[in-house]
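> here is my input; please provide its structure:
(2 chains)
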Amino acid sequence: MNQFGKKNEVIVVGGGLSGLAAVMRLAEKGCHVKLVSVTKSKRSHSVCAQGGINAAINNKGEEDSPLIHAYDTIKGGDFLANQPPIIEMCLSAPGIINMMERLGCPFNRTPEGNLDFRRFGGTLYHRTAFCGASTGQQLLYALDEQVRKHEVLGKVERFESHEFMRLVLDEQGVARGIVIMDLFNMKLSVLKADAVVMATGGIGVIFKKSTNSTFCTGAANGRLFKQGMFYANGEFIQVHPTAIPGIDKLRLMSESARGEGGRIWVYGDSSRTIKAPNGEIVSCGKTGEPWYFLEEFYPAFANLIPRDIGSREILRICELGLGVNGEMQVYLDVSHLPDEKKEKLQSILEMYQKFTGDDPRKVPMRIFPAMHYTMGGAWVDWPAADDPDRWERFRQMTNLRGCFSIGEADYQYHGANRLGANALLACIFSGLVAGQEIPRYIDHLTTSYHETSSKYYEEALRLEEELKQDLLTRNGPENIYHLYDEMADWMTRHVTVKRDNRDLEATLNKLKELRERYQRIGLDDRSQFANQTYIFANEFGSMLELALAITKGALLRNEFRGAHFKPEFPERDDENWLKTTIARYDPTQSEPIISYQPIDLRHLKPILRDYTKAKKVKPTLENIPANITLPV
Amino acid sequence: MADSYILKIFRGHPTHQYWEEFELEMVPSANIISSLMEIQRRPINRLGEKVAPVVWESGCLEEVCGSCSMLINGYPRQACTALIEQMINTTGQNTIRLAPLTKFPLVRDLIVDRSRMFEDLKRIHAWIDVGETSSNSQPGPKIYPEKQKVMYQLSTCMTCGCCLEACPQVNAHSAFIGPAAISQARLFNANPVGYTQRSLRLRPLMEEGGVSDCGNSQNCVQVCPKNIPLADSIAAVGRDVTFQALNDLFSFPDREE
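This is a model prediction of the structure:
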């Protein structure tokens, strides 16, 4: 019972890894949770995470530690991320792995029966726990099972096949519930609660040619953005170096393929030259022989350089015409690996064979970079353990009071580039943190949602009903899927690996034009039952607004940092750009309003982000608080 | 390669289902999902009529989420891995038939409601009982690699419903829980902690609709997209259920292990 004589009531939107972690912890803390998800939670995009989850458990005798993990993460993110949350995430990682193991997640084992670890990008340590090559799926299932238990115990109520449409805010701007739509019968309804957690994942569908699931539209974050939520570091979009080309989606070929020893190469051409990362002009391998360009350019990290670097190098090689058959493809080769390593990769090798017909155990795979991950996201708060106002603020809370954001949907843990196998970690960690913070947030409330005037709920519902009627009756010539294709095509061409201010400006204008044309759509399906055309048309409006925020953030940021690469400005510029981008929606303006916030660098001063040298460093991280309490 | 192919789709609402054909241009590496996306963009049937786009479920498009199960040429499978060219080459026909699964309530077109599978997981206690997750950060029990391998494979079940669709014992006149849930009982009983809670999973499988309703047709193994040894699971759990029944009569908790 809370101070209002009621049970704490919380809504969690999103049934992926992060949402489920939050639901589990909230249920344990005695809250009643309503879990809203566009699909069965077992089908969430977390299933696509293949390679693993990082934790410096150090059982390979490498003297690894959580602080080295934090160092790698901060450096991997090119110093754009606030540092306190990263420190706590990395300190929590071993406990999180142990927790997942106890929940029954079938991690791979050493012959002795202990957890096994593989190597991943951006680190020199074996730090990545894994379940074959479908780690995300297995972690997700383990949490889904726990949530099912709480469901049976009456602590959790699931609203699957329901979509978040709008946050209900009261007169003081405090979140008091949401409006949802049943995706089968299209009915709108209201859910009420003391707090709302958004765990709606990334935005890959905005780019279409991505490794993301069809659910990852970004619409939920877009809707909140339009309701006043700050969207941070939107321009930082991760392009994964190795995906399988396809027309419906670009399927990921996990970094674990390289972690287990896979090598990237193209046929060399000694008549061509290229500028190596150390500045020397070198020839492009030997003609007719495999040229392992990443191994030559980055002898220390070789094929396991961070993803942004890998993607840029592959693009550079292909632009020289050295791709497979002159196309935009390079080889990723695991054919030389011993059978036991191939077995660890079985699920992804089978997938490659199913989609291409080629057996990667025998012939090299053909891969190319693809949009993969959203580093940016909802701005969320993080009072550090030793901040004087630690207990007056709430971690993972957006600028909309009572509305929290976690997982890929928030901006907090990866800075300008995410390291492989840190996403699953950040998802579980931020979910658990929200589960800890929310009961405390509710304790601070002076009124319960039971006292919120019904007019706020009615008004929110009315706005959504009107939008639905409006979209279903628009009678224009524009086809929503064609508009979408145009948006995705522009975003993929101009706002991924390489950015150019003229292109970005043109993209901004294109997006505004699409916004105009969106007013003149006419839907091919006007029925009121499982109408996917309408559902998508509704999502598209908010996706456009996020696309604008991403593009404008990229246009303004005149430097090269992590995944944000602008050849016109080829250096990281800490003097002017060591700051967080904050995008805000203003309905009276044609473009989002961009402002900046300083970055919290209290633990590690920015250093050069160099991956050409082999050196295991013992970093010194300063000012680590003594009073950190971890969620596991 | 032919220039075009035909998708013949059994679509509509529960009270009115009908076949409709769409002719599509052949594109390299096209699969069923990309074809349905094409229909979404240009929903014109073979008669040249503009119709409502076909609706279907999909998610990961790489066969790990279980969303896009449907009958493709009569066979239950995931639509994302169904490559058009390969199927035309195999059947020698340029028409591919799509229909919704039949063992679940129809929602619309190719969408069915598979909620019963998730309810079944509740019946068989498909989780490990542990204490509060914040109270203990110690590692779990050791598990040897050979056992982990089996557990991992069982754990790749994505609740897609293909095995239920193919099973002759799962039908409107039977309460049979089906292969997926039984195999999950095996998975959780294999866990060292889960083993101690096995009676909670085995007892529901003694009842009507439990493991003895399996007719051993082994269709489930044929259609499982993850190659899960479902028939082995049913056999193993059948044996465990028998032991549990005997233990319930003659044994005491301290004498089990």
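
> for A:K40, what are its contacts?
A:15, A:160-161, B:114, B:118, B:159 (CB atoms under 8 Å, 6 or more residues apart in numbering or on different chains). (C-beta placed from N, C-alpha, C; glycine too.)

> in which helix or strand does the closest residue to chain B within the stretch 201-350 of chain A reside?
Using CB to the nearest CB, A:D248 is the residue of the stretch 201-350 of chain A that sits closest to chain B, at 3.9 Å. Under the criterion of DSSP states H and E, A:D248 resides outside all helices and strands.

> average pLDDT for the helix or strand harbouring A:G177?
A:G177 is part of strand A:175-182 when elements are defined by DSSP H and E. Mean per-residue pLDDT for strand A:175-182: 98.

> adjacent strands (with direction) for that strand?
strand A:162-169 (antiparallel), strand A:188-192 (antiparallel) (DSSP bridges).

> nearest to A:R499, out of the ones you listed?
strand A:162-169 (30.8 Å; CB to CB).

> just checking, what packs against the top helix by length along chain A?
Longest helix in chain A by number of residues, with DSSP state H as the criterion: helix A:532-556. Judged by 3 or more CB pairs under 8 Å, 6 or more residues apart in numbering or on different chains; DSSP states H and E, the packing partners of helix A:532-556 are helix A:219-226, helix A:454-473, helix A:480-494, helix A:501-518, strand A:579-584, strand A:593-598.

> just say helix, strand or coil for the spatially most central residue of chain A.
Nearest to the mean C-alpha position of chain A, counting by CA atoms, centre = their mean, stands A:E408 at 3.5 Å. Recorded secondary structure, A:E408: helix (DSSP: H, G, I helix; E, B strand; the rest coil).

> now for it: which residues touch it?
A:18, A:201-202, A:373-374, A:377, A:423, A:426-427.

> in helices only, show me the residues you listed.
Those of the contacts of A:E408 lying in helices (DSSP H): A:18, A:423, A:426-427.

> tilt between the longest strand anywhere in chain A and helix A:480-494?
Determined from DSSP state E, the single longest strand within chain A is strand A:365-374. Orientation check (axes from the mean of the first three to the mean of the last three CA atoms, to 10 degrees): strand A:365-374 against helix A:480-494 gives 100 degrees.

> which non-adjacent residue is nearest the most far-flung residue of chain A relative to its centre?
Relative to the mean C-alpha coordinate of chain A, counting by CA atoms, centre = their mean, the farthest residue is A:S271 (40.9 Å). Counting by CB to CB, 6 or more residues apart in numbering or on different chains, A:S271 lies nearest to A:T287, which is 6.9 Å off, once chain neighbours are set aside.

> swap in A:D359?
Nearest non-adjacent residue to A:D359, counting by CB to CB, 6+ apart: A:Q353, 5.3 Å away.

> quick check, that neighbour in contact with A:M365.
No. Counting by CB atoms under 8 Å, A:Q353 does not reach A:M365; the two are 9.5 Å apart.

> what residues of whatever helix or strand B:I96 lives in count as buried?
Taking DSSP H and E as the definition, B:I96 sits inside strand B:95-99. With burial defined by 16 or more other CB atoms under 10 Å in any protein chain shown, the residues of strand B:95-99 counted as buried are B:96-99.

> check which element follows that strand along the chain.
strand B:106-108.

> that next one - contacts with which helices or strands?
Short answer (3+ CB pairs under 8 Å, 6+ apart): strand B:106-108 packs on strand B:4-13.

> I'd like the next helix or strand past the strand it packs on.
Next in line after strand B:4-13, if elements are assigned by DSSP H and E, sits strand B:16-25.

> still on that earlier bit, which of the contacts of A:K40 has the most neighbours?
A:G15 (30 neighbours; other CB atoms under 10 Å in any protein chain shown).

> mind checking the SS state of that one?
At A:G15 the chain is in coil, as set by three-state DSSP.

> longest helix of chain B?
helix B:230-250.

> show me how far that helix is from its chain's centre.
When distances are taken as CA atoms, centre = their mean, to the nearest Å, helix B:230-250 is centred 23 Å away from the chain's centroid.

> got the buried residues for that helix?
Neighbour counts over helix B:230-250 (16+ other CB under 10 Å) mark B:230-231, B:233-238, B:240-241, B:244, B:247 as buried.

> what do you get for stretch A:28-41?
Buried-residue list, stretch A:28-41, by 16+ other CB under 10 Å: A:28-29, A:31-41.

> coming back round to it: how much space between the residue nearest to the centre of chain A and B:S58?
Distance from A:E408 to B:S58, counting by CB to CB, to the nearest Å: 20 Å.

> re the thing from before, now, the contacts of A:K40 that are in helices?
Per DSSP H, the contacts of A:K40 map to helices at B:F118.

> save the contacts of A:K40 as a markdown table, and put in distance to A:I180 and pLDDT too.
Formatted as a markdown table, the contacts of A:K40 follow (distance: CB to CB, whole Å; pLDDT from 0 to 100):
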| residue | distance to A:I180 | pLDDT |
| --- | --- | --- |
| A:G15 | 13 | 98 |
| A:E160 | 11 | 97 |
| A:S161 | 10 | 97 |
| B:R114 | 20 | 98 |
| B:F118 | 19 | 98 |
| B:T159 | 23 | 98 |
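
> make CSV out of the contacts of A:K40 and add distance to A:Y534.
Formatted as CSV, the entries for these read as follows, by distance: CB to CB, whole Å:
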residue, distance to A:Y534
A:G15, 23
A:E160, 19
A:S161, 15
B:R114, 23
B:F118, 26
B:T159, 27
